[in-house]
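S.K.: A predicted structure for the sequence below; I have some questions about it.
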Amino acid sequence: MKSFSSFHPTILFLYYLSVIFISMFTMNPVLLGCSLIGSILFFSMMNSPKVVLKNIGYYLLVFILIAITNPIFSHNGETILFFLNDNPVTLEAIIYGVVIATMLVAVIFWSKSYSEIMTSDKFVYLFGRTIPKLSLVLSMALRFIPMLKLQIKKVNQVQKTLGLYTTDSITDRIFSGIRVLNSVLTWSLENAINRADSMRARGYGLKRRTNFSLFKFYKRDGILLIAIILILVTAILGFVFNIFDFYYYPAISSLEITGVGILEYIFVFILMIIPFIIEVKENIQWKLLRSKI
Amino acid sequence: MEIIKVKNLDFTYPEQKTKALKDVSFSIEPGEFIVICGESGSGKTTLLKLLKRELAPHGNKTGRIFYKGTELEELDDRTAASEIGYVMQNPENQIVTDKVWHELAFGLENMGVPTPVIRRRVGEMANFFGIHQWFRKKTTELSGGQKQLLNLASIMAMQPELLILDEPTSQLDPIAASDFITTLQKLNRDLGLTIILVEHRLEEVIPIADKVMIMENGSMILYDKPEYVGQKLKEIDKNHKMLLALPSAVRIFNGLDSEGKSPLTVRDGREFLSNNYRNHINVLERPLKEDENRDENILELKNIWFRYERDLPDILTGVNFQAKKGEIISILGGNGSGKTTLLSVMAGQHRPYRGKISIRGKRIREYKGKDLYRHNIALLPQDPQTVFLKSSVWEDYKEIGKVMGYTKEEIKNNTEKIAEMLSIQNLLDKHPYDLSGGEQQKVALGKILLLKPKILLLDEPTKGIDAFSKSVLHDILINLKRQGVTIIMVTHDVEFAAIVSDSCGLFFDGEIISMGTPVDFFSDNNFYTTAANRISRHMYNNAITCEDVIEICKLNGVKENYAK
Amino acid sequence: MKKDLLVLAFIILLIAIVASGTKIQSVDEYYLTHIDEIAEDSETVTISIRCDTILDNLDKLSPQLRAEKYVPKDGVILEETEYVLRPGDTVFDILDRAVRHNRIHMEFQGADKNSYNSVYIQGINFLYEFSCGPLSGWMYSVNGKFPDYGVSKYVLKDGDVIEFNYTCDLGRDLGYEFK
């Protein structure tokens, strides 16, 4: 279904890291535009049109808000449009606002798809690798928290039918909250003893513990890894040699169109739409398969 | 060579005078299926924990335990952890991790097994136990039965030779419990796994056991083949408490004073009856109920519709229900059919979107704040632990006194009265969590009775308690009924409903269908009925309980060729 | 919920704009300032704006400012010019009049927006503080002395000589020493 999410967690993490890194450390309008397009395209592959439209509508408002806020606070720029309270409102400041808004919205959309794709088990796996104990603790915590919530809900309801704390006054509610929490904590300690037993019974604490995970590194993970690293390296070279430099104040600099520059932009654009391409490819493959059947 | 050999085992917990185990000796051959039963507090769990080195309690132990000829203490760490598996009572708190696949791998990770091997074994286990469909789910999303199956599977992944289970089905509904026991039988039969099982639910496990051990006050009083257990137990004590816990077929066999190999299953029981008893009288005459209860309805539900959220399906679809003063009504039904929801709607926790509920002639909505729960209606939830907030039973009781507006004197008097009725005087100073399942149930009931309810709602009151506690609960309920309390319970426990109720109903597809007296209700049902009824229905029309069957058999008398 | 927050942000922004007054002027209107004719008896001051120090630190200057229209070759943004002193005029008033008169860009922080209770000059002719290294910014001197308070607090008298200088080293390159 979501074929991009089936890649190895390390690859996914590296991908998001590099995409967000590029988006956050440049003010180049072309790069940010690519990032915004890539993030929205992928987001719309992952969600229903209704959700996508709702989100785009909402972030369009955010976009406008940020874009018009900037010129109110920044008065730098050569092209003065008019003066507001003796302060110039400049074209440069407006465009700068638009670019900042682009960056923010792009990063927000990337984060949205990140949280959908990097589920807890992937996260646990990634960090469990470096600190094996941590992965177990995380996994236990992820099990424990929903359990605790459920128990609190259960106890609350039962106490209500006992006629305790049925009034709506706030003090009453706070007191009942504290008491319920207190009893649930005792309950969870009780639980913890049992859990410790269950862990010991299964040999926890023996030396040489291994870490098992369902994730396998396939060939396609390797290909994607190499692609990401190559593009990342070229992009970093672009930063080092100031190819992506772009200024808004006092006057907007013009984009330098050189052969290398265009190549660089194409590379970054490819990086940004990799997830989208993978999803589209998968969809087409399925359609073809189905039509053959 | 025997897989487990226990020699003169004595055990005393620290700072206790009485021994928890007294001179226990037995041996188990590889591949045997052993069932251990006994009242709670008879030392079953202590014995099991001593067999699993990692869980052995602190205390003074004498005597020796051998695993495959080696003393348990001298076993290698890895062998001890992997070859002896242990499944506990509560499915919930044995699960360690958040994902099913991780839980399956947990033990193997601890043993330091390399990833490819774990992958294979986990796959194997998931297939064997039918877990593959929910392999990637979160452990919190599973049902109780699935959780316990997962616990079993994650231990089986370590390839144990001996499996120890401490009341594994007590928190499960009957269908999940049967599935679990069937799985155990499969493990025993197909893999030759040695199993030691402690159980209350003997109806199903005794027929598949190779040997049954009965414990009492820390001693092993019986260790024999299941066919002879009933008879031997009767020889020890004619009114032994454990006799009540035996399968219906055995109880009928015993009740008729037969000798020899007793029947164990319903099938054997039917055969035993048709071979040995005549059936010229096939209806048991029952005294007609004292004149029809003409009181007005104390609780009335009219055309109740309920769903949790707008987009969710209806759970109650036009429920109609009446209860009169002093009635005990059981509502039976499958798992997840919405029985618990029905109770919570009756208790005013949820509001139906259509229909009318009246309690003592007044609509439920008109009760304000605490009024609904004072002297009116009370609900005992499925999990008694949720009732307690304080560090001792007595303090919890005091709190209810405040709700009722009692003075200190009144609280004391009322508590004493209830403690006497439930015989829990010695439990009042204890921490609620230190009590056994049956005790918790009683103490929770006590807290609820302090509200002096006219209507008592019980959600699965017999879940996880042993046969003796059940008979105590039976007496308590009858006593309350005499005091004019109306009791409505939802339960899976057909046998219990049959002996305690005035009327029974089946909850199905969002409504209550077929209300009737237990006799009518169960003798009409083919499948959803008591074991005693299933044993006797081909010969007698309305025998519901074991006592009924024994009575009607005695009336009919034995066939001529009866071999005693 | 999320939408409400957004609407709230819009409203706050609107209120902020309205509260701070909305005087909208076109470019020409803004620069149309009345300069008093210098008569024989009028009191006057002179003002100059220079950025010589940048010429020595061109390597530190932000790349987009490396052009003659921002940093003139001789370092003079406004050569010494004489203006009529109106009663109560501060350094800021003269500066404001001078840059408007010459259509030179200037951005400042209002006296109500900082802790000095004085106007703070952020940038002149697109040269901002920190545009040429972390120690750079605008400083002013009157008659060769560097006052230790803000431009809108310094009330001028007849014949004062105001110099605005860009520093790349907290004034040390202008001969100013911290006390």
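M.R.: All right, it came through fine. Residues are numbered from 1 along each chain as shown, chains lettered A, B, ... in the order given.
S.K.: use CA for all of it now, contacts and neighbours both
M.R.: OK.
S.K.: Helices of chain C, start to end?
M.R.: C:2-19, C:27-31, C:52-56, C:91-102 (DSSP state H).
S.K.: ugh, wrong one, the stretch 301-450 of chain B
M.R.: B:339-346, B:393-404, B:408-422, B:437-449 (DSSP state H, counting those that start in this stretch).
S.K.: circling back to that earlier point, determine which of the helices of chain C approaches chain B most closely.
M.R.: Checking those against chain B by Cα to the nearest Cα gives helix C:2-19 as the closest, at 22.6 Å.
S.K.: hang on, the earlier thing: so which of the helices of the stretch 301-450 of chain B is the most packed in?
M.R.: helix B:437-449 (a mean of 23; mean count of other Cα atoms under 10 Å in any protein chain shown).
S.K.: Could you see whether chain A lies near that helix?
M.R.: Yes - judged by Cα under 8 Å from any Cα of the partner chain, helix B:437-449 comes into contact with chain A through B:I448.
S.K.: Report the angle between that helix and helix B:408-422.
M.R.: Angle of helix B:437-449 versus helix B:408-422, following axes from the mean of the first three to the mean of the last three Cα atoms, to 10 degrees, is 140 degrees.
S.K.: tell me what helix B:437-449 is packed against?
M.R.: strand B:377-380, helix B:393-404, helix B:408-422 (3 or more Cα pairs under 8 Å, 6 or more residues apart in numbering or on different chains; DSSP states H and E).
S.K.: roughly how far is the strand ranked longest in chain C from the heart of the chain?
M.R.: For chain C, the strand reaching the highest residue count under DSSP state E is reported as strand C:76-84. Mean-position distance between strand C:76-84 and its chain equals 14 Å (Cα atoms, centre = their mean, to the nearest Å).
S.K.: Contacts for that strand, please.
M.R.: For strand C:76-84, contacts defined as Cα atoms under 8 Å, 6 or more residues apart in numbering or on different chains pick out C:35-38, C:42-52, C:71, C:94, C:98, C:125.
S.K.: can we see that at 10 Å?
M.R.: C:35-39, C:42-52, C:69-71, C:94-95, C:97-99, C:102, C:104, C:124-125, C:158-159, C:161-165 (Cα atoms under 10 Å, 6 or more residues apart in numbering or on different chains).
S.K.: Please produce a ChimeraX select command covering the buried subset of those.
M.R.: Below is the selection syntax for ChimeraX that covers the buried ones among the contacts of strand C:76-84, with 16 or more other Cα atoms under 10 Å in any protein chain shown defining burial:
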select /C:43,44,45,46,47,48,49,50,51,52,70,71,94,95,97,98,99,124,125,161,162,163,164,165
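S.K.: So which of the contacts of strand C:76-84 are in strands?
M.R.: Filtering the contacts of strand C:76-84 for strands - DSSP E - leaves C:44-50, C:124, C:161-165.
S.K.: Show me which of the residues you listed is closest to B:E327.
M.R.: C:I124 (93.0 Å; Cα to Cα).
S.K.: so the closest one bridges to which residues?
M.R.: C:M106, C:L127 (DSSP bridges).
S.K.: I figured it was touching C:Y166, is that so?
M.R.: Yes - C:I124 is in contact with C:Y166 according to Cα atoms under 10 Å; the separation is 9.2 Å.
S.K.: can you pull the contacts of residue 7?
M.R.: In the absence of a named chain, chain A is used. By Cα under 10 Å, 6+ apart, the contact list for A:F7 reads A:I117, A:F215, A:K216, A:F217, A:Y218, A:R220, A:D221, A:G222, A:L224.
S.K.: oops, I was thinking of chain C
M.R.: Under the criterion of Cα under 10 Å, 6+ apart, the contact list for C:V7 reads A:L61, A:V62, A:L65, C:M1, C:L13.
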